[in-house]
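Novice: no FASTA, just this:
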């Protein structure tokens, strides 16, 4: 009985050692593959990341609009153009210049609400203070709501959102 038990135990030791070698080699191969994949991955701020278009806040409300020369505009005259509608006192010209340099045309218009216009309640405070700025897409949908009193951060957000509206896929 002992003579037949020894060959079996020897066989199990060989199979166990072979299994251990295969496991070590498989782990080493997995480490090499992961190391290669991680070394080829772009930085986290890479341009391949998906850009998400700004949300749609709804249609542009009925407003009295004036162009940069003070001439009255109808809301429909903005259709087909990316527009920045400002209730703000100081126009954001540097935003318009930077976007046009990038090939993103932007029309700036000044607005005052008509008596019957009901703006979103969250926008009312900004409108009353003269700091409300709306980014309006080519279909007359409000795509950005900004506080112009925040200066440079507002300008950068408007520029980023306008560029995206020009290049991001539609919603």
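Specialist: Arrived safely. Values in this document were obtained by computation on a predicted structure and should not be read as measured data.
Novice: quick one: low-confidence ranges for the chain?
Specialist: 1-7, 36-51, 88-91, 112-118, 169-171 (pLDDT under 70).
Novice: what is the helix ranked longest in the chain packed up against?
Specialist: The helix spanning the most residues in the chain, taking DSSP state H as the definition, is helix 2-40. With contacts taken as 3 or more C-beta pairs under 8 Å, 6 or more residues apart in numbering; DSSP states H and E, helix 2-40 sits against no other helix or strand. C-betas here are computed from N, CA, C, even on glycine.
Novice: where's the closest residue to residue 74 other than its chain neighbours relative to residue 149, distance?
Specialist: Spatial nearest neighbour of residue 74, excluding adjacent residues (C-beta to C-beta, 6 or more residues apart in numbering): residue 65 at 7.4 Å. To residue 149, residue 65 is 22 Å away according to C-beta to C-beta, to the nearest Å.
Novice: re the thing from before, over to the residue nearest to residue 74. Which of the three states is it?
Specialist: strand (DSSP: H, G, I helix; E, B strand; the rest coil).
Novice: pretty sure residue 56 sits against residue 144.
Specialist: No: judged on C-beta atoms under 8 Å, residue 56 makes no contact with residue 144 at a distance of 10.2 Å.
Novice: between these two, which has more neighbouring residues?
Specialist: Counted by other C-beta atoms under 10 Å, residue 56 and residue 144 do not tie: residue 144 has more neighbours, with 21 against 12.
Novice: for the more buried one, which residues are in contact?
Specialist: Neighbouring residues of residue 144 by C-beta atoms under 8 Å, 6 or more residues apart in numbering: 54, 57, 133, 134, 135, 157, 158, 161, 162.
Novice: just checking, the fifth one touches residue 165?
Specialist: When you say that, I think you mean residue 135. Yes: using C-beta under 8 Å, residue 135 is in contact with residue 165, at 7.5 Å.
Novice: many thanks, have a good one.
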